[in-house]
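>>> any chance you could fold what I've pasted below:
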Amino acid sequence: MQVVKPRSQDRAPRGVRDGAEVSQATTGATNLYMGVFRVPAGAQSRPHFHSDCESAVYMLAGRLNVRWGEELEHVLALEPGDMAYVPPRETHLLENPSETEVAEYVVARDAQDEASVDVPWAR
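Next up, the predicted model:
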């Protein structure tokens, strides 16, 4: 059994900051990934998808807009208490529409790491 403590760091997967994760890298997990991350006010992630894994997101604080689809043409808004499901290989990005408030969320995947692929053509 292991404990992973949140920490402030310049670890920025896809433009998301400050977090902690249970993953193969941090605990040796082989079938599970879970992380808690913060998106600064006004920030957005790079377009990406997660290969060969499903993701579930739970919003803790703030708001996030999730743009998704081949051309990022769809949008859904998440606020505290909302959960969202992201199927494998669904191109998406996260954006914090607030000018002042940080957004914070928990993500879980059936993978041992981020399994993230940047999608530069979707910008």
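
>>> wait, what's in contact with residue 83?
56, 57, 58, 59 (CB atoms under 8 Å, 6 or more residues apart in numbering). Backbone N, C-alpha and C define where each C-beta goes, glycine included.

>>> and the helix or strand where the last one lies, average pLDDT?
Using DSSP states H and E, residue 59 sits within strand 55-61. Over the span of strand 55-61, the pLDDT mean works out to 95.

>>> which residues are in contact with the helix or strand hosting residue 94?
Applying DSSP H and E as the criterion places residue 94 in strand 92-95. Residues from elsewhere that reach strand 92-95 (CB under 8 Å, 6+ apart): 14, 16, 39, 43-49, 64-68, 72, 86, 103, 122.

>>> rewinding a little: select only the buried ones of the contacts of residue 83 in PyMOL?
Selection of buried members from the contacts of residue 83 for PyMOL, criterion 16 or more other CB atoms under 10 Å:
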select buried, resi 57+59
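
>>> pick out the most distant pair among the contacts of residue 83.
Spatially, the most separated pair among the contacts of residue 83 is 56 and 59, at 11.3 Å (CB to CB).
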